[in-house]
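Colleague: Using only what follows, build the 3D model:
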Amino acid sequence: MSQALTTIRSQSVVLRQANIDTDRIIPARFLSTTVRSGLGQHAFADWRRRADGGIDTDFALNRPENQGRSILLAGRNFGCGSSREHAPWALVDAGLRAVVSSQVADIFRANALKNGLLPVVLDEAVVQALMQRPDDELVIDVASGELRTPAGEVHRFELDAFARTCLLEGVDELGYLLARLPEIQRYEQQRHTESSHVL
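Modeller: Residues are numbered from 1 along each chain as shown. Purely as a prediction, here's the structure:
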């Protein structure tokens, strides 16, 4: 990751389907690359195009009014299936920064957090209500763990402290450690000095 994620302010793209798996998010034929850029054009590839290869203008991500929106409202059990990290890569490259659902698969959730995509889990009734108003500008505050609506509703979501820190700093686990390398080196030097005195 390189971009800190502090506040997401956007209208929503709605995918009502439940059990959207990672093969639906990014089909296996696009997994040969280790480069993240460009994967966004293949996100939901089999839904974005018709059988004849033409663009399906009815699919949510293809609709003009949804262009530039960075919050995805999805059906229950989003990201199930295989553990491919390409799934969050594709969603982030497509411009999405948060997925809101009543259930997000564990492995997808972990991969998403490592790659700057915020999974927000809310009650099913809340998600369904949000889906009725996709044009509402939602505000997701990473630091406070809150999703706020224009009507003044505040919905809290769980986010562990380490994941929150990484998102706010725009780093993954390795980046987090590298940012603290001077502290680690000082600690190691101090331990080395102390052990030398004991000998």
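Colleague: What residue, apart from its backbone neighbours, is nearest residue 139 spatially?
Modeller: Of all residues not flanking residue 139 in the chain, residue 148 sits nearest, at 4.6 Å (CB to CB, 6 or more residues apart in numbering). (Glycine included, C-beta is placed from N, CA and C.)
Colleague: neighbours around residue 143, how many?
Modeller: Neighbours of residue 143 under the rule other CB atoms under 10 Å: 12.
Colleague: surely residue 148 meets residue 137?
Modeller: No. Between residue 148 and residue 137 there is no contact, the gap being 9.7 Å when judged by CB atoms under 8 Å.
Colleague: the more surrounded of the two?
Modeller: Taking neighbours as other CB under 10 Å, residue 148 and residue 137 compare with residue 148 leading, 16 against 13.
Colleague: tell me which residues form a beta bridge with that one?
Modeller: Taking DSSP bridges as the rule, residue 148 bridges to residue 139, residue 154.
Colleague: For it, give me its contacts.
Modeller: 138-141, 154-155 (CB atoms under 8 Å, 6 or more residues apart in numbering).
Colleague: Next, work out how far apart the residue nearest to residue 139 and residue 154 are.
Modeller: Residue 148 is 5 Å from residue 154, where distance means CB to CB, to the nearest Å.
Colleague: could the contacts of residue 148 be laid out in JSON lines, adding distance to residue 55 and neighbour count?
Modeller: Below are the contacts of residue 148 laid out as JSON lines (distance: CB to CB, whole Å; neighbours: other CB atoms under 10 Å):
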{"residue": "138", "distance to residue 55": "27", "neighbour count": "25"}
{"residue": "139", "distance to residue 55": "31", "neighbour count": "15"}
{"residue": "140", "distance to residue 55": "29", "neighbour count": "24"}
{"residue": "141", "distance to residue 55": "35", "neighbour count": "14"}
{"residue": "154", "distance to residue 55": "38", "neighbour count": "11"}
{"residue": "155", "distance to residue 55": "34", "neighbour count": "19"}
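Colleague: That concludes my questions; thank you for your assistance.
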